[in-house]
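Asker: Starting from these lines, generate the structure:
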Amino acid sequence: MKKSAFDTESQQENLTSKVVVGLERISEVFKTLLWDQSKATGLSPIQIQIIVFVAYHKPELCKVSYLAQEFNVTKPTVSDAVRVLLLKGFIEKKDAGGDSRSYIIGLTTSGKQILTGIEQFAAPVGSELNKLENTQLADIYQSLLNLIFQLNQSGILSVQRTCFSCQFYEKKGNQDYCHFLNQSLGAGDIRIDCPEYESKHS
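Answerer: Numbers count the residues shown, from 1 in each chain. Purely as a prediction, here's the structure:
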């Protein structure tokens, strides 16, 4: 029987288990920060995530079906959150181009105002990362990019918008290249959430 990553005895002999536990601890930090913001604003964590996502992503991604995939929750969960945000006046529905069954979510003036108070919920994590050397940050970033891509390829992570699965990306020998930007990409140029991302399978 395979040992659990959370088995504290076998964990000490396995670096992968240590990394898994470390990532789980960090995920708890984000949950805590979201809940702190939730208590301060009266918005649920998913409502906060929706407002922040809609503020910074192109309209075609701001639909209930995509948001459900993005946050790995059901459509009814997103629909309920959207209903409350509509009642609070933070978002509005926009025409999705002739499809009466679908709509695009946009922020209202009130939504943009509350955004300024909630979008920095993860700032404490950024503050700690800023204390690391640039080489350490670069190593962490590269590892995260690879892990996100691998989790997406294995079907565990449903949505990702990194260069590696984008139709504009090409690997030329040892060089990464973006056909949208028409330029080679250095290690720090690879994007983890690209606004121009287009899936190779779309």
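
Asker: need the strands for the protein, in chain order.
Answerer: 91-95, 103-107, 169-172, 175-178, 183-185 (DSSP state E).

Asker: Please identify the most buried of those.
Answerer: Comparing those by mean neighbour count (mean count of other CB atoms under 10 Å), strand 103-107 comes out on top with a mean of 19. C-betas here are computed from N, CA, C, even on glycine.

Asker: so what strands line up beside that strand?
Answerer: strand 91-95 (antiparallel) (DSSP bridges).

Asker: Name the residues that touch the partner strand?
Answerer: 50-51, 54, 59, 82, 85-86, 103-108, 111 (CB atoms under 8 Å, 6 or more residues apart in numbering).

Asker: Go through the strands of the chain and name the closest to residue 156.
Answerer: Residue 156 lies closest to strand 169-172 among the strands of the chain, at 21.1 Å (CB to CB).

Asker: how far is that closest one from where the chain is centred?
Answerer: 23 Å (CA atoms, centre = their mean, to the nearest Å).

Asker: same question, stretch 175-184
Answerer: 23 Å.

Asker: average pLDDT across it?
Answerer: Averaging pLDDT along stretch 175-184 gives 91.

Asker: Between the two ends of it, how far is it?
Answerer: In terms of CA to CA, to the nearest Å, the two terminal residues of stretch 175-184 are separated by 7 Å.

Asker: from here on, count from 44
Answerer: That works, and once the first residue is 44, the last one we named lands at stretch 218-227.

Asker: what's it in contact with?
Answerer: Contacts of stretch 218-227 (CB under 8 Å, 6+ apart): 206, 209, 211-215, 228-229, 232-233, 239.

Asker: Quick check: of those residues, which lies closest to residue 112?
Answerer: Distances from residue 112 to those, taken by CB to CB, are shortest for residue 209, at 16.9 Å.

Asker: Show me what the lengthiest helix in the chain is packed against.
Answerer: Looking across the chain with DSSP state H, the single longest helix is helix 58-84. Using 3 or more CB pairs under 8 Å, 6 or more residues apart in numbering; DSSP states H and E, the elements in contact with helix 58-84 are helix 51-54, helix 88-99, helix 152-161, helix 166-172.

Asker: Please identify the deepest-packed of those helices.
Answerer: Highest mean neighbour count among the helices and strands packed on helix 58-84 (mean count of other CB under 10 Å): helix 88-99, a mean of 19.

Asker: On the pLDDT front, check residue 108 for me.
Answerer: Residue 108 is given a pLDDT of 92.

Asker: Would you confirm that it contacts residue 144?
Answerer: No. Using CB atoms under 8 Å, residue 108 is not in contact with residue 144, being 10.0 Å away.

Asker: and the nearest residue to residue 132 once chain neighbours are set aside, how far is that from residue 122?
Answerer: What sits nearest to residue 132 in space, not counting adjacent residues and going by CB to CB, 6 or more residues apart in numbering, is residue 153, at 4.9 Å. Distance check for residue 153 against residue 122: by CB to CB, to the nearest Å, it reads 20 Å.

Asker: What of residue 92?
Answerer: 15 Å.
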